[in-house]
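Colleague: Structure of the sequence below:
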Amino acid sequence: MKLGVRHAASSLAPPSRRRRGFLPAAVVLAFLLPGCGGAAAPVGDAPGPVPGGADGARPGVASVLPDGVPALDAPGRHLLVVCVQDEAQVAIVDMDSYEVVHRIHLQELGYSERAQPHHAVVEPDGSHFYVTLIGENRVLKFDRKYQVVGEAPMQAAGMLALEKGGARLFVSRSMSAVNPPQRIGIVQRSTMEIEELDIFFAQPHAMVVDPEGRYAYTASLGVNQAASVDLDTERVTLVELEGPNHVIVQFAISPDGRWMAGSGEMSGELVVLDLAADRANPPVALRVPVGHMAFDPTFSPDGRQVWVPVKHTDEVVVLETEGWQEVRRIAGRGIDAPHQVVFSRDGALAFVSNNNKNPHAMHGPVEDDGGDGAVVVVDTASGEIVEVVRLGRNVTGIGTRPRMP
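Modeller: Below is the predicted model of the structure:
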């Protein structure tokens, strides 16, 4: 089935479309009326407060970094952007020294304590990065100096994917959303203008773009279906996923573009689709058991392995892509409800985010396991844990500058 219908995303324009010197009436009221703008907007409402305030950085205003804080694109620095979801913070971690070099406190920028930063992606040149705020129904754009320079409103914004070699950002829906629109967001990164594209199934959550920048892919949390989007025509093709109820959380595509792997939260399987056979409607090539509550899979830079966090068992499962055999399960210090994996540029280290939270409600305001979430650094050759970087409650999405071919 091939379909494609666009919608305007919101009646409230993002900051990039507001003329200098003027504010919409809703924003003026937020500053004048008691209690306005102080809490996260409920799902389905217009986005909350405009970033800024006495100590905040307003979109488009240049700033100077504190002494010793490197810019995201600083030469010779490899930095990780980490969402600390329940602290309303984004941490910047040095991938060589494992030090936290900066923290973005979203409440200081005018957002609520329930902003819930969830997923992050970084431009290849490090000039900008993007973060979804589940509790604020929007996507933020930051510059290299960690200042908000734009935002796009979207109900229950979830996962992000950059168009390879293009100008767009693709946005799915959060897992925590109850019956969100059956659409994904398409954001023009230069202006942060957003439109939405019908996907025609419930709860589109997974979000990736292939290495050639020809197709974007999403999948449903409610039914065994995925969808491909032809990025030239925006034509949507529905893809049937065989097997038990998977609840595909996220996709990953191998560096050569041959395979796409999806993690089944409920089925506990890694569902591997063959993109080489048909990019628009890829068939399921095989299904590999990895464990209940499998989360965001990631291919190693050389494509020889795929790493799958498994929340239910507090493990990261490593599979060889030649033969799709399990070769290792990584567990131990700091690995507690693992969420996502990012590799160093040379592939020698893996950085694993960990919720350290009841995995059955990692998106909600529930009591955690009594400690801070962490990024755990793993030696990929030995599987040994090198370092544990504690960052705060419910560490979720992590991003860094993508490794270029």
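Colleague: host element of residue 142?
Modeller: In the assignment (DSSP states H and E), residue 142 maps to strand 138-143.
Colleague: tell me how far the very next helix or strand once past that strand is from the chain's mean position?
Modeller: Next along the chain after strand 138-143, taking DSSP H and E as the criterion, comes strand 148-153. Centroid displacement of strand 148-153 relative to its chain, using Cα atoms, centre = their mean, to the nearest Å, is 16 Å.
Colleague: buried stuff in stretch 216-224?
Modeller: 216, 217, 218, 219, 220, 221, 223, 224 (16 or more other Cβ atoms under 10 Å). In short, each C-beta sits where N, CA and C put it, glycine included.
Colleague: how long is it end to end?
Modeller: End-to-end span of stretch 216-224 (Cα to Cα, to the nearest Å): 18 Å.
Colleague: before we move on, what about stretch 160-180?
Modeller: One end of stretch 160-180 to the other measures 16 Å (Cα to Cα).
Colleague: what is the mean pLDDT for it?
Modeller: Average pLDDT, stretch 160-180: 93.
Colleague: Could you pull out the buried residues of it?
Modeller: For stretch 160-180, a neighbour-count test (16+ other Cβ under 10 Å) marks 160-163, 168-177, 180 as buried.
Colleague: can you check stretch 276-294 too?
Modeller: 279, 281, 282, 284, 285, 287, 288, 290, 291, 292, 293, 294.
Colleague: show me what contacts the spatially closest residue to residue 373 that is not a sequence neighbour?
Modeller: Leaving aside its sequence neighbours, residue 373 sits nearest to residue 395 (Cβ to Cβ, 6 or more residues apart in numbering; 3.3 Å). Counting by Cβ atoms under 8 Å, 6 or more residues apart in numbering, residue 395 touches 82-85, 339, 353-356, 372-375.
Colleague: and which of these is nearest residue 251?
Modeller: Using Cβ to Cβ, residue 339 is the member of these that lies nearest residue 251, at 15.3 Å.
Colleague: Would you mind naming the residues that bridge with the nearest residue to that closest one once chain neighbours are set aside?
Modeller: Once flanking residues are discounted, residue 339 sits nearest to residue 353: 4.5 Å by Cβ to Cβ, 6+ apart. Applying DSSP bridges to residue 353 gives these bridge partners: residue 340, residue 375.
Colleague: Restrict the contacts of residue 395 to the buried ones and give me that as a ChimeraX selection.
Modeller: ChimeraX command restricting the contacts of residue 395 to the buried ones, with burial defined by 16+ other Cβ under 10 Å:
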select :82,83,84,85,339,353,354,355,356,372,373,374,375
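Colleague: Just send the contacts of residue 395 back as a markdown table, with distance to residue 244 too.
Modeller: Shown next, in a markdown table, are these (distance: Cβ to Cβ, whole Å):
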| residue | distance to residue 244 |
| --- | --- |
| 82 | 33 |
| 83 | 30 |
| 84 | 34 |
| 85 | 29 |
| 339 | 23 |
| 353 | 27 |
| 354 | 27 |
| 355 | 25 |
| 356 | 29 |
| 372 | 35 |
| 373 | 30 |
| 374 | 32 |
| 375 | 32 |
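Colleague: hey, what's residue 93 bridged with?
Modeller: residue 80, residue 100.
Colleague: so it makes contact with residue 99?
Modeller: Yes: judged on Cβ atoms under 8 Å, residue 93 makes contact with residue 99 at a distance of 7.1 Å.
Colleague: Which one of the two is surrounded by more residues?
Modeller: Neighbours were counted for residue 93 and for residue 99 using other Cβ atoms under 10 Å; residue 93 has more, 23 against 10.
Colleague: how close does the more buried one sit to residue 70?
Modeller: 11 Å (Cβ to Cβ, to the nearest Å).
Colleague: Need the max-distance pair from the buried residues of stretch 160-180.
Modeller: Farthest pair in the buried residues of stretch 160-180, by Cβ to Cβ: 163 and 176, 25.8 Å.
Colleague: Kindly state the pLDDT recorded for the residue positioned nearest the centre of the chain?
Modeller: Nearest to the mean C-alpha position of the chain, counting by Cα atoms, centre = their mean, stands residue 119 at 2.8 Å. Looking at residue 119, its pLDDT stands at 98.
Colleague: And it, which helix or strand is it part of?
Modeller: Using DSSP H and E, the element containing residue 119 is strand 117-122.
Colleague: quick one, that strand and strand 138-143 angle?
Modeller: 40 degrees (axes from the mean of the first three to the mean of the last three Cα atoms, to 10 degrees).
Colleague: need the contact list for residue 210.
Modeller: With Cβ under 8 Å, 6+ apart, residue 210 has these contacts: 164, 216, 217, 253, 257, 260, 275, 279.
Colleague: tell me which of the buried residues of stretch 160-180 is nearest to residue 335?
Modeller: For those, the nearest to residue 335 is residue 175 (20.8 Å; Cβ to Cβ).
Colleague: Contacts only, for the closest one.
Modeller: Per Cβ under 8 Å, 6+ apart, neighbours of residue 175: 158, 203, 205, 221, 249, 363.
Colleague: so what secondary structure elements neighbour whichever strand or helix holds the fifth one?
Modeller: So that's residue 249. In this assignment (DSSP H and E), residue 249 forms part of strand 248-253. The contact analysis (3 or more Cβ pairs under 8 Å, 6 or more residues apart in numbering; DSSP states H and E) places strand 248-253 against strand 204-209, strand 215-220, strand 259-264, strand 298-299.
Colleague: Return the alpha-carbon coordinates of that strand using CSV.
Modeller: The C-alpha atoms that make up strand 248-253 are tabulated as CSV, following Å, rounded to 0.1, in the frame of the first residue of the first chain:
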residue,chain,number,x,y,z
ILE,A,248,9.2,-2.3,17.5
VAL,A,249,11.0,0.4,19.6
GLN,A,250,13.7,1.5,17.2
PHE,A,251,15.4,0.6,13.9
ALA,A,252,19.1,0.7,13.1
ILE,A,253,20.5,0.4,9.5
